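In: coordinates for the following, if possible.
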Amino acid sequence: MSSERKSILCPNCRKLISMDEPACPYCGLIRPGLHNTAGIIRKIFLGSDPIRTIIYINIAFYVLSLLLDPEGIFAGGGAFNLLSPSNQSLFLLGASGTIPVTGAHRFWTLISASFLHGGILHIGFNMMALYQLGPFVLREFGFHRFINLYIITGACGFAASVLFGVPFTIGASASICGLIGAIIYYGKSRGGSYGETIYKQAMGWVAGLIFCGIIFSGINNWAHGGGILSGILLAFLMGYNDNKQESAWSKLLAYACILLTVVILIWAVISSLLNGRGIVI
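Out: Numbers count the residues shown, from 1 in each chain. Purely as a prediction, here's the structure:
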């Protein structure tokens, strides 16, 4: 007696098919069962709201960075240094820049640095920006393209920082600038009064970033610029919901980004705790 074939909804076209189909007979998606399994993994790590999950991860890493070296919290002065983790804590958890990347060969910090922040105002501003911009990108580009934009543009921003000699850098702003870059492309590509309005709003964010980069010291303009440019390019390559469905490769790339990021962040926590106790790895 043969075992019953399990049916699923195709992750792409939402038609009912057999899970072991080599390709969806309706839309042609290769290995739909594999995509379905990847979707389950996605829900395990990111739940139903990836933006809130990313915010929670940032908050968790911020708290951990304070706890790793409590004596360094009040070492600085001024409002911008309020509740600031020490550089030692940030280095252990995956700060990026020429010191960690070229000096210590910690290339994985190009991803982990997006989840670290230097103070309560730093994380507050960045998470408010993500909470404001993220839902638009998630709605117009879809889950998988949103993940690719957030993770890849953050890494591109920090890669630009290393290339232009920034010694030590952290923050979600590179990834957020990647979202801004995607919105710029969306507005220009979509056109019309709606697209033009979106484009002008995005350029307003860029103008604000440039102003802050000129007025305030310590802002990583290279990471911002790298994030914006890579966001425009990646949005061009992947498209958005109005002009192109999410492709199989963009979905697989998103799952690879999730898996790599989870592994890196877990490694950052374990290695920081071991090094914090004097165990060198």
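In: rest of the way, CA atoms for contacts and neighbours
Out: OK.
In: next, count neighbours for residue 172.
Out: The local packing of residue 172 (other CA atoms under 10 Å) involves 29 other residues.
In: which residues does it contact?
Out: 113, 114, 115, 116, 117, 126, 154 (CA atoms under 8 Å, 6 or more residues apart in numbering).
In: out of those, who has the most neighbours?
Out: When neighbours are taken as other CA under 10 Å, the top entry among those is residue 154 (34 neighbours).
In: what stretches of this protein score poorly on pLDDT?
Out: Scanning the chain for pLDDT under 70 picks out the ranges 1-5, 9, 11-14, 19, 28-48, 72-81, 276-281.
In: mind redoing it with 50?
Out: Along the chain, segments meeting pLDDT under 50 span 1-3, 278-281.
In: can you show me the strands along it?
Out: Along the chain, counting by DSSP state E, strands occupy 7-9, 16-18.
In: for the last one, which positions count as buried?
Out: Just to be clear, that refers to strand 16-18. Within strand 16-18, the residues that count as buried by 16 or more other CA atoms under 10 Å are 17, 18.
In: go ahead and confirm residue 95 touches residue 116.
Out: Yes - because the distance of 7.1 Å satisfies CA atoms under 8 Å, residue 95 is recorded as touching residue 116.
In: overlap of the contact sets of those two?
Out: Both residue 95 and residue 116 are contacted by residue 170, under the criterion CA under 8 Å, 6+ apart.
In: so what's residue 131 closest to, chain neighbours aside?
Out: Nearest in space to residue 131, with sequence neighbours left out and distances taken as CA to CA, 6 or more residues apart in numbering, is residue 51 at 7.0 Å.
In: residues touching the one you found, list them.
Out: With contact set as CA under 8 Å, 6+ apart, residue 51 has these partners: 130, 131, 134, 135.
In: ok, of the residues you listed, which one's closest to residue 235?
Out: For the contacts of residue 51, the minimum distance to residue 235 (CA to CA) is 14.3 Å, reached by residue 134.
In: what's around the closest one, how many residues?
Out: Applying other CA under 10 Å, we find 20 residues neighbouring residue 134.
In: also the one 4 residues further on?
Out: Counted with other CA under 10 Å, residues neighbouring residue 138 total 21.
In: that one against residue 146, yeah?
Out: Yes - the pair residue 138 and residue 146 qualifies as a contact (CA under 8 Å) at a distance of 5.5 Å.
In: and for the two, which residues touch both?
Out: Common contacts of residue 138 and residue 146, defined by CA under 8 Å, 6+ apart, are absent altogether.
In: care to break this protein down by domain?
Out: As given by automatic domain parsing, the domain ranges for the chain are 1-47, 49-276.
In: just the ones you listed: most buried one?
Out: Sort the domains of the chain by mean neighbour count, taking mean count of other CA atoms under 10 Å, and domain 49-276 sits at the top with a mean of 20.
In: now the residue nearest to residue 131: how far from residue 250?
Out: To residue 250, residue 51 is 19 Å away according to CA to CA, to the nearest Å.
In: same check, this time on residue 244
Out: Distance of residue 244 to residue 250, computed by CA to CA: 12 Å.
In: same question, residue 96
Out: In this view, residue 96 and residue 250 are 26 Å apart by CA to CA.
In: with residue 209 instead?
Out: Distance, residue 209 to residue 250, using CA to CA: 29 Å.
In: now do residue 140
Out: 15 Å.
In: and for residue 182?
Out: Applying CA to CA, the value for residue 182 to residue 250 is 15 Å.
In: again, but for residue 200
Out: Summarising the geometry, the distance separating residue 200 from residue 250, computed by CA to CA, is 28 Å.
In: residue 166 too?
Out: 31 Å.
In: before we move on, what about residue 67?
Out: Distance from residue 67 to residue 250, counting by CA to CA: 37 Å.
In: return the alpha-carbon coordinates of stretch 218-236 using PDB.
Out: Extracted C-alpha coordinates of stretch 218-236, given in PDB (Å, rounded to 0.1, in the frame of the first residue of the first chain):
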ATOM      1  CA  GLY A 218      31.300  60.200  14.300                       C
ATOM      2  CA  ILE A 219      28.700  59.500  11.600                       C
ATOM      3  CA  ASN A 220      29.800  56.900   9.100                       C
ATOM      4  CA  ASN A 221      28.900  58.600   5.800                       C
ATOM      5  CA  TRP A 222      30.600  55.900   3.800                       C
ATOM      6  CA  ALA A 223      28.300  53.300   5.200                       C
ATOM      7  CA  HIS A 224      25.300  55.500   4.500                       C
ATOM      8  CA  GLY A 225      26.400  56.100   0.900                       C
ATOM      9  CA  GLY A 226      27.200  52.400   0.300                       C
ATOM     10  CA  GLY A 227      23.900  51.400   1.700                       C
ATOM     11  CA  ILE A 228      21.900  53.800  -0.500                       C
ATOM     12  CA  LEU A 229      23.800  52.900  -3.700                       C
ATOM     13  CA  SER A 230      23.600  49.100  -3.100                       C
ATOM     14  CA  GLY A 231      19.900  49.500  -2.300                       C
ATOM     15  CA  ILE A 232      19.200  51.200  -5.600                       C
ATOM     16  CA  LEU A 233      21.200  48.600  -7.500                       C
ATOM     17  CA  LEU A 234      19.600  45.600  -5.700                       C
ATOM     18  CA  ALA A 235      16.100  47.000  -6.100                       C
ATOM     19  CA  PHE A 236      16.800  47.400  -9.800                       C
END
